[in-house]
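Undergrad: Need the 3D shape of this:
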Amino acid sequence: MSYCTSIGIDTHAKKNQVFALVRETGEFETASLSDDPKELVSWIRKQGFPQPIRCCYESGPTGFVLARALNEAGIYCIVAATSKLPYRTDRQKNDRRDAEWLCRMLDSGAVRAAMIPSVEEESLRHLSRLRGEVALDLRKAKQRVSSFLLLTKTSYTLTKKRWTKTFNKWAAGYEFRCAADTFVFRMKIRRRKEAGVSSQNDRNGNNEKQPGYCKIHQ
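TA: Numbering: from 1, shown residues only. Predicted coordinates:
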């Protein structure tokens, strides 16, 4: 399908910078709007752009709420896969230039669209991402304990492996020569335990919520 109007949107937490280009005439319109999708839908409809219209913004921390809202309002919107966009050579960057550049890339066919997940699918993505974050926190917490023992030349020889009940009991009662080191070690052990509890809670939560489960609060 050939689109008559292309719209690039530079999204932010509190605002959307918009650049709309009419292909046949080269005319363009710009606007700085709030992050409310309804305001953007209203602005597009008031301009009376030639149909059909296609919108685009880069994938990022603002997620897919805007894309879903525009599509539900009958305004076709895609989310650009940032890693697949052409390399920018211009050095001067601001919100308006970013929106214009994205609009012109869209109009030239240089934008590759990312999949827009449903609300349920995005919720499961959040759950999967949380699991990775919790596992990473646990690994980092363990590494900090191991690094501190190495730094202070402290050896643990009661068992071959750490993170056992024997190790935990030894760590809870071990006293360093300096009180400050003992305090630091206790805090690192506490962080490791907290990360371990979070990891266990995450596993329990994933077992309770099988794939496909999503409760949407109205």
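
Undergrad: hey, let's count contacts and neighbours off CA atoms from now on
TA: Noted.

Undergrad: pLDDT (mean, whole number) over the helix ranked longest in the chain?
TA: Ranked by residue count and defined by DSSP state H, the top helix of the chain is helix 119-151. Averaging pLDDT along helix 119-151 gives 93.

Undergrad: What are the buried residues along that helix?
TA: 123-124, 127, 131, 134-135, 137-138, 141-142, 144-145 (16 or more other Cα atoms under 10 Å).

Undergrad: Using PDB, write out every CA atom in stretch 111-127.
TA: Coordinates of each C-alpha in stretch 111-127 appear next as PDB, following Å, rounded to 0.1, in the frame of the first residue of the first chain:
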ATOM      1  CA  VAL A 111      12.000   1.500   8.600                       C
ATOM      2  CA  ARG A 112      11.700  -2.200   9.600                       C
ATOM      3  CA  ALA A 113       8.800  -2.700  12.000                       C
ATOM      4  CA  ALA A 114       9.100  -4.600  15.300                       C
ATOM      5  CA  MET A 115       6.200  -6.800  16.400                       C
ATOM      6  CA  ILE A 116       3.700  -5.000  18.600                       C
ATOM      7  CA  PRO A 117       2.700  -7.400  21.300                       C
ATOM      8  CA  SER A 118      -0.800  -7.600  22.900                       C
ATOM      9  CA  VAL A 119      -1.200  -6.400  26.500                       C
ATOM     10  CA  GLU A 120      -1.100 -10.000  27.600                       C
ATOM     11  CA  GLU A 121       2.000 -10.800  25.600                       C
ATOM     12  CA  GLU A 122       3.800  -7.700  26.900                       C
ATOM     13  CA  SER A 123       2.800  -8.600  30.500                       C
ATOM     14  CA  LEU A 124       4.500 -12.000  30.000                       C
ATOM     15  CA  ARG A 125       7.600 -10.300  28.600                       C
ATOM     16  CA  HIS A 126       7.800  -8.300  31.800                       C
ATOM     17  CA  LEU A 127       7.600 -11.500  33.800                       C
END
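
Undergrad: what number of residues lie near the closest residue to Leu66 other than its chain neighbours?
TA: Among residues not flanking Leu66 along the chain, Pro37 sits closest, at 5.8 Å (Cα to Cα, 6 or more residues apart in numbering). Using other Cα atoms under 10 Å, Pro37 is surrounded by 19 other residues.

Undergrad: Kindly report the same for the one 5 residues further on.
TA: Neighbour count of Ser42, defined by other Cα under 10 Å: 11.

Undergrad: Could you say which helix or strand holds it?
TA: According to DSSP states H and E, Ser42 maps onto helix 37-47.
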